[in-house]
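Undergrad: Predicted coordinates and the sequence they were generated for:
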Amino acid sequence: MSTSRLPEREQRILNEIERALSRDRRLVRRLRSQRGSRWRSALSRVASYAPRVWTVVVVLAVSVGLMAAGIATSQPAVIWAFAVVWPVALFSVFRLLCRWAEP
């Protein structure tokens, strides 16, 4: 964001605020520790994944179809597609079962 369009008075105020914030060591430390939070938030989203029953059924059907096609044709592309879809299917089933088992 360009600050050159600010009036002189507002630019001075902004500079004073930035100077005061840069002196706050605790804030600087907290901001540095937030750098890896993007990965943590992505992992927490994956861990909180709650699939619907139809989603799990479709993913399982696709993975079984890819497995059958891979066995029948032995084409590397089909086998790799199965290798990508199968862990997703297992994780979805696991998360669905965990959700059902909750009290």
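TA: Arrived safely, thanks for sending.

Undergrad: worst-scoring helix or strand of this structure, pLDDT-wise?
TA: helix 37-47 (a mean of 73; mean pLDDT, DSSP states H and E).

Undergrad: Off-centre distance for stretch 22-29?
TA: Offset of stretch 22-29 from its chain centre (C-alpha atoms, centre = their mean, to the nearest Å): 28 Å.

Undergrad: Residues in contact with it: which ones?
TA: Identification of contacts with stretch 22-29 by C-beta atoms under 8 Å, 6 or more residues apart in numbering yields L21. For glycine as for every other residue, the C-beta is placed from the backbone atoms N, C-alpha and C.

Undergrad: Would you indicate which residues of that stretch are buried?
TA: For stretch 22-29, the buried set under the neighbour-count rule, 16 or more other C-beta atoms under 10 Å, is empty.

Undergrad: remind me, longest helix of this structure?
TA: The longest helix of the chain (DSSP state H) is helix 76-101.
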